[in-house]
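# just to be clear, the model below is a prediction. Sequence and coordinates:
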Amino acid sequence: MNVKSVEPGSRAEVTRPHPLAPLTPAEIAKVVGIIQASPLFGDKTRFETIELLEPPKAAVRTLKPGARLPRDARANIFTVGRIGVVRLTVSLDEERILTSEELPDQRAMIQIEQFLMVQEVVRTDPRFVEGCARRGVTDMSKVCIDPWTAGSFEVPEEEGRHLCHVFAWVRLYANENFYAHPIEGLNAVVDLNSWEVIRVDDHGIVPIPMKEVNYDSQLLTSTRESLKPIDVVQPEGVNFSITDDVLRWDKWQLVVGFNGREGVTLHDVRYDGRPIVYRASIVEMVVPYGSPDNGHYRKHVFDIGEYGAGKLANSLTLGCDCLGAIEYLDAHLNTMDGSVMTIKNAVCIHEEDSGILWKHTDFRTGRAEVRRARRLVISTILTVGNYEYAFYWYLYLDGTIEHEIKTTGIINTAGCIPGKPGKYATEVSPGVAGHIHQHIFCARLDMAVDGDANSIVEHNTRAESDGPHNRYGNAFYDEPTLLKTEREGCRRINPETMRYWKIINPNVRNHVGQPTAYKLEAKHTVTPLVRADSFSGRRAGFVQNHVWVTAYDPEERYPAGEYMNHSKGGGLPDYVAKNRSIENADIVLWHVFGIHHTVRTEDFPVQPCVMTGFKLMPSGFFDRNPTIDLPRSSNHASCCAKAHG
């Protein structure tokens, strides 16, 4: 990650006239200054997140050209040496704290500055050093520690603390793949306030596997013959532009945001001037592991809510991470001490060909009409310890919105007796096991199909009953059901009825008199397998449904709750308990999707990308195929391969 401090007023400091644009470096620094000037907070104050406090929808909707809205910020701060979070809102224009709420039992996200501090504390603990020595490891500089959030398991000595739970490996030399050498059964629990190791758990010795399984190009002894290049060129330039923070491409327009918790956010997404989604982002990611052995039962981490996706974003590399004619956006965030940090090239924007859009050949005349599809891509890539997550938002010419996540990186490894990985794991190298696990994501989609008043309709396909009306036995039909309340809006996928959901605007009709609508195509759902009433299951109640629908509330932002470290439950189950109306109302659609990962040997040493995601497709939003008006075209750079010898 290419991170650097940015001085306010530098070239990274730009005018941000759009009210939904993320905070600039100067604005972040100003928020820090306002807080530090308050007599309520001293020199032990640290900063978890600072982000834009988005203005009310009505104010954004009615903003006239040239006018501006007040710029406000949210900030979460904490004090060194004790648990608790103070939640603030700050006026940048008035240079004052607007609201302050002390939450004495909450914990801040684990900060990236704390990662290596945890490693050093554990490496020097005598009990941990002794545990390593019993396994033949005496050079502690070679021990690599990954800090995992501790969860909430009602362990008496852990209550009232802010903890992390660690796993360890051995790195034999520089750049060598240490995940091939797990120190199995040795875990430490670290207090992030006192910086003491409160406990070292030794579950028994498993020999450390020492076979090297490398991936770094400098360490590979042989490589296959290089492939000939595929170049993506746009000699006439790109078809998108960014003006006053508004991204425009073909008939699309939107604002791209970024913050330390969610990473990329999309705002006020419109097609041909018509609103579709007011705000879209991935708001949580939980990774439950299936092994109850040793310390692995604790592996149930919320990567977004407990660490923050934005701060873990990569600096993307031209020609490797992103191919073609690329526009990059930097991400400006706060560090723990309140400095401004910039992740260069955190967001990649480009367009790419995506195959045939539509085609028809009249067999009577032989005349063919074909149009190529293309899409605008907005992407970012996160490194969360061992795993990488590449997040892609796609906008298509036909009005479709797609989100795709590519998971790659290195599986979390454990040690085993060679040939005996146990029932919860796959052996990927002699003595190296990868546990069965899941990656479960939640998208928060503040829908605005032709306006803010929307409804949700569930569709199930039914086979017609037997009788005179189905004399040939071939009849089946689509059955719509309007979901009227939040409890009715708690739904799960049903492949047997080809279930899907439409977001409709009952106040706007298309040319055949039906409500304009978008369809959620939920093709990558996951069945939750952690028991719902378990310690970990209670913290992730949102995974119990694939679709949730709530009445809009700007403070209901995250599906498992606002503060995730050591949480005990909350979020969507609490929101829908209010059972508010979701009919012809300002509503939020929450979609839960993911990957069920039974580890393969091919996933090591680095996992090839495994994909998941969803689509929002127009379904009655247009009166016809909106791309019929695309002009005929032919790519003159294409040529015959002449591959025959």
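It's in.

# send me stretch 217-228 as CSV with only the CA atoms.
C-alpha atoms of stretch 217-228 as CSV (Å, rounded to 0.1, in the frame of the first residue of the first chain):
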residue,chain,number,x,y,z
SER,A,217,8.6,-14.1,-8.8
GLN,A,218,12.2,-13.7,-7.3
LEU,A,219,11.9,-17.1,-5.6
LEU,A,220,10.4,-19.2,-8.4
THR,A,221,13.0,-21.5,-10.0
SER,A,222,11.1,-21.8,-13.3
THR,A,223,8.3,-20.1,-15.2
ARG,A,224,6.3,-21.0,-18.2
GLU,A,225,6.8,-19.4,-21.6
SER,A,226,5.5,-15.8,-21.6
LEU,A,227,2.2,-15.2,-23.4
LYS,A,228,2.0,-12.6,-26.1
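
# hmm, who's touching it?
With contacts defined as CB atoms under 8 Å, 6 or more residues apart in numbering, stretch 217-228 is touched by Asn175, Glu176, Glu212, Asn214. Where C-beta positions appear, they are placed from N, C-alpha and C, glycine not excepted.

# make CSV from those and add secondary structure, pLDDT and neighbour count to it.
Formatted as CSV, those follow (DSSP: H, G, I helix; E, B strand; the rest coil; pLDDT from 0 to 100; neighbours: other CB atoms under 10 Å):
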residue, secondary structure, pLDDT, neighbour count
Asn175, coil, 97, 12
Glu176, coil, 98, 18
Glu212, coil, 98, 14
Asn214, coil, 98, 16
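
# report the two of those separated the most.
Comparing all pairs in the contacts of stretch 217-228 by CB to CB, the longest separation belongs to Asn175 and Glu212, at 11.3 Å.

# so where is the chain shaky, pLDDT-wise?
Screening the chain residue by residue with the criterion pLDDT under 70, one finds the ranges 1-16.

# and the helices in it, which stretches?
In the chain, helices defined by DSSP state H lie at 25-37, 57-61, 112-123, 126-134, 535-539, 572-576, listed in chain order.

# Gly290: which of these is closest?
Shortest distance between Gly290 and those, using CB to CB, is found for helix 535-539: 11.1 Å.

# dump the closest one to PDB, keeping only the CA atoms.
Coordinates of the C-alpha atoms in helix 535-539 are reproduced here as PDB (Å, rounded to 0.1, in the frame of the first residue of the first chain):
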ATOM      1  CA  PHE A 535     -21.700 -16.500  20.300                       C
ATOM      2  CA  SER A 536     -20.500 -15.800  16.800                       C
ATOM      3  CA  GLY A 537     -24.000 -16.300  15.200                       C
ATOM      4  CA  ARG A 538     -25.600 -13.700  17.400                       C
ATOM      5  CA  ARG A 539     -23.100 -11.100  16.200                       C
END
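
# could you list the buried residues of it?
Residues Phe535, Ser536, Gly537, Arg538, Arg539 are the ones in helix 535-539 that count as buried (16 or more other CB atoms under 10 Å).

# Gly273: which of these is nearest?
Minimum distance to Gly273 across the buried residues of helix 535-539 is 42.1 Å, recorded for Arg539 (CB to CB).

# give the contact list for the closest one.
Contacts of Arg539 were listed using CB under 8 Å, 6+ apart, and they are Gly151, Ser152, His300, Phe302, Ala560, Met564, Ser567, Lys568, Gly569.

# what do you get for Gln544?
Listed by CB under 8 Å, 6+ apart, the contact set of Gln544 reads Pro528, Ala532, Pro573.

# so which of those is the most crowded?
When neighbours are counted by other CB atoms under 10 Å, Pro528 leads those with 21 neighbours.

# separation between the closest residue to Thr481 other than its chain neighbours and Val512?
Closest residue to Thr481 apart from its sequence neighbours, by CB to CB, 6 or more residues apart in numbering: Glu458 at 4.8 Å. Glu458 sits 21 Å away from Val512, going by CB to CB, to the nearest Å.

# same deal with Lys228?
The separation that Lys228 has from Val512, given CB to CB, amounts to 51 Å.

# got the domain ranges for this structure?
Here the domain assignment for the chain is 3-103, 112-202, 242-289+302-350+379-412+436-531+541-618, based on automatic domain parsing.

# what number of residues lie near the closest residue to Thr265 other than its chain neighbours?
Spatial nearest neighbour of Thr265, excluding adjacent residues (CB to CB, 6+ apart): Gly257 at 3.8 Å. Counted with other CB under 10 Å, the burial measure for Gly257 works out to 25 neighbours.

# Gly257: what's it in contact with?
With contacts taken as CB under 8 Å, 6+ apart, Gly257 has the following neighbours: Leu20, Ala21, Pro22, Leu52, Val264, Thr265, Leu266, His267.
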